[in-house]
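> A predicted structure for the sequence below; I have some questions about it.
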Amino acid sequence: MSYKPSEQDLMAYLYGELEDDKREKLEQYLLENPTARGELEKMSGLRRMLAQVEDKEVIAPPIFVGEHPSQRFWQAPYMKTIMGIAASLLMVILVAKFSGLSIRYQQQELRISFGDVPEVKTVSPVTQPAVATLTPEQVQDMINQSLQQNNATLQASLDETQKKLNASINQSLALNSDKIDKLVQQASTASEAQVREFVASMQTENAKMVKSYFQLSANEQKQYVEGLLVDFAKYLQQQRNDDLQVVRTQINSLQQNNDVFRKETEQILTSIISKVNTRSSVGLAN
Amino acid sequence: MTETLLDIAMMHSDTLLARAKEGDQAAQGKLVQLWYKRIYNFGYKFFMDHDMAMEVSQKTFISMCRSLPSLQDNARFKSWLYKIAVNYCREEARKRKGNRSLSFDVVWNREAEDSPAWETSSQRFDNPERQLQQTELSDVLQQALHELNVEQREVVIMKEYEGLKFREIAEVLNISENTVKSRMYYGLDGLRKILERKNINKDTIGYEL
């Protein structure tokens, strides 16, 4: 039997929402599969643990629903404003009534008064004294004339100052240009000579520096090489001395060996000779 | 999940719903009273934040009162209500993602970090040890729940704590029942892994099974 429950079936079984026929199949499968059973057991353990989280107690605040169809028209928000405006208008009218306010507008003048209306004498407009009357053309002419005069004087003064300015600028330019030319020339000649001098001095300085540097380094090298040679010579000398000593000691030892050998041979010879002598003497004796 | 018999009776009484639908404010108020705790707790588990939960529940019930007349099938009231709540939760979560802010409590309440949680609890006199254990476990579990992704989290909360049927959750989320079940499966699986990582199992916590 190759039945294997899906995740969905497992979940439905875990929460007891699986249909009967499927549930039987799944239970059978669980009996045969300890691993799947363990898995499901873990899940329900987790569920038991999750059940430890308790609900938080909360008090429902009153919920107000603003837009309600059965609202009366005076409960509408804009009604408040309208009523307010109307009430203040009414107040103004009442106050005006009680303080006897009267506002009039007649003969081009506005009158606001409280209480009884006082009688104000109408003042007749003061007649202007007769002046030498001028026609508009004359006035225009006068204006034009004065304007022209003004313009002319202005132009003249402008021209004059312009000329003065130009003259002064030219003068100062003429004065200054000479000076500047001279200065520039001086500067250029001077600078050429100076540059040459400077370069020459630089070159000599450099040459000196290089020379002294070479001398210094040559001296150093010489000293160093000399030192090296001396050291080497010393070393060679030492080596030769050592060698000589070695050879000498070896020769000495050789000589000693020779001496020993000679002595030994001498001894042997004397002993042989003595033996021969005694034997011959014995033979003779015999 | 744990309504009293009276609650269930009221919830299923069509007359209350019918009256609320007609605009009876008393009936609407009763509906709010009945469901407020559930929706608040759903929101609290979703956000792990009291203020957010309150905001979402208020919006949900205002919306409920407004659009009750458009509810076709009274039997589907529960999933209809959770649908509103889930939508508001998602909206708030989206908003909050935009402007990440820290609560003042987190920033300034330094002493609270040093003092055990039970000191601030109102029931600290009845067996403090047990109380602390309970609070801690509850916090750890909710924290773990909060680490799930939104899709799995909402399914797990609705199934485990709100006691909705898979069919109802499918209705709420507008997805197939099978999708709901597999989200549930992976949600539980994820929770198990998170708790294992935090080293929480039935041996490390002393609750009786």
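Cool, the structure landed.
> Of all residues in chain B, which one is nearest the centre?
B:F42 (1.2 Å; CA atoms, centre = their mean).
> residues in contact with it?
B:A53, B:Y82, B:A85, B:C89, B:I157, B:M158, B:Y161, B:E162 (CB atoms under 8 Å, 6 or more residues apart in numbering or on different chains). To be clear about C-beta, it is placed using only N, CA and C from the backbone, and glycine gets the same treatment.
> So which of those reach chain A?
Subset of the contacts of B:F42 in contact with chain A: B:Y161, counting by CB under 8 Å from any CB of the partner chain.
> Could you give the average pLDDT over stretch A:37-55?
Taken as a whole, stretch A:37-55 has a mean pLDDT of 87.
> wait, stretch A:156-171
92.
> quick one: it to chain centroid distance?
In this view, stretch A:156-171 has its centroid 58 Å away from the chain centroid, taken as CA atoms, centre = their mean, to the nearest Å.
> And for stretch B:49-60?
Distance, centroid of stretch B:49-60 to centroid of chain: 10 Å (CA atoms, centre = their mean).
> Can I get that stretch in CSV, CA atoms only?
Presented in CSV, the C-alpha positions along stretch B:49-60 are these (Å, rounded to 0.1, in the frame of the first residue of the first chain):
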residue,chain,number,x,y,z
ASP,B,49,1.8,45.7,20.2
HIS,B,50,-1.2,47.0,22.2
ASP,B,51,-1.6,50.3,20.4
MET,B,52,-1.6,48.7,17.0
ALA,B,53,-4.1,46.1,18.1
MET,B,54,-6.4,48.8,19.5
GLU,B,55,-6.2,50.8,16.3
VAL,B,56,-6.9,47.8,14.1
SER,B,57,-9.8,46.7,16.3
GLN,B,58,-11.4,50.1,16.3
LYS,B,59,-11.1,50.5,12.6
THR,B,60,-12.5,47.0,12.1
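> Contacts for it next, please.
Outside stretch B:49-60, the residues that reach it (CB under 8 Å, 6+ apart) are A:56, A:58, A:61, A:63, B:36, B:39-44, B:46-47, B:81, B:84-85, B:88-89, B:92, B:96, B:103.
> So which of those are in helices?
Among these, the members found in helices (DSSP state H) are B:36, B:39-44, B:46-47, B:81, B:84-85, B:88-89, B:92, B:96.
> Can you flag the buried ones in the residues you listed?
Among the ones in helices among the contacts of stretch B:49-60, those buried by neighbour count (16 or more other CB atoms under 10 Å in any protein chain shown) are B:36, B:39-44, B:46-47, B:81, B:84-85, B:88-89, B:92.
> Now the contacts of B:F42 in a markdown table, please, with extra columns for pLDDT.
Formatted as a markdown table, the contacts of B:F42 follow (pLDDT from 0 to 100):
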| residue | pLDDT |
| --- | --- |
| B:A53 | 91 |
| B:Y82 | 93 |
| B:A85 | 94 |
| B:C89 | 92 |
| B:I157 | 93 |
| B:M158 | 93 |
| B:Y161 | 91 |
| B:E162 | 90 |
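> Name the nearest of the contacts of B:F42 relative to chain A.
Proximity of those to chain A, judged by CB to the nearest CB, is greatest for B:Y161, which lies at 7.2 Å.
> out of everything not next to it in sequence, what's closest to the residue in the stretch 51-200 of chain A that chain B sits nearest to?
As assessed by CB to the nearest CB, chain B sits closest to A:A60 within the stretch 51-200 of chain A, at 3.4 Å. Leaving aside its chain neighbours, A:A60 sits nearest to B:Y36 (3.4 Å; criterion: CB to CB, 6 or more residues apart in numbering or on different chains).
> if you go through chain B in chain order, where are the helices?
For chain B, the helices defined by DSSP H occupy B:5-12, B:14-21, B:25-47, B:50-67, B:77-98, B:104-108, B:110-114, B:128-147, B:150-156, B:166-173, B:177-197.
> Tabulate those helices (JSON lines), appending distance to A:Q162.
Formatted as JSON lines, the helices of chain B follow (distance: least, CB to CB, whole Å):
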{"stretch": "helix B:5-12", "distance to A:Q162": "103"}
{"stretch": "helix B:14-21", "distance to A:Q162": "96"}
{"stretch": "helix B:25-47", "distance to A:Q162": "84"}
{"stretch": "helix B:50-67", "distance to A:Q162": "80"}
{"stretch": "helix B:77-98", "distance to A:Q162": "70"}
{"stretch": "helix B:104-108", "distance to A:Q162": "75"}
{"stretch": "helix B:110-114", "distance to A:Q162": "81"}
{"stretch": "helix B:128-147", "distance to A:Q162": "87"}
{"stretch": "helix B:150-156", "distance to A:Q162": "84"}
{"stretch": "helix B:166-173", "distance to A:Q162": "91"}
{"stretch": "helix B:177-197", "distance to A:Q162": "93"}
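> A:L14: which of these is closest?
helix B:177-197 (8.3 Å; CB to CB).
> Over that closest one, what's the mean pLDDT, rounded is fine.
Helix B:177-197 comes out with an average pLDDT of 91.
> does that helix come close to chain A?
Yes - judged by CB under 8 Å from any CB, helix B:177-197 and chain A are in contact via B:E177, B:N178, B:K181, B:S182, B:M184, B:Y185, B:Y186, B:L188, B:L191, B:R192, B:L195.
> of all those, which comes closest to A:Q245?
The shortest approach to A:Q245 among the residues of helix B:177-197 next to chain A belongs to B:L195, at 91.9 Å (CB to CB).
> That closest one touches A:L46, doesn't it?
Yes - between B:L195 and A:L46 there is a contact at 7.4 Å, judged by CB atoms under 8 Å.
> Leaving out sequence neighbours, find the closest residue to A:I103.
Using CB to CB, 6+ apart and skipping residues adjacent in sequence, the residue nearest A:I103 is A:I112, 5.2 Å away.
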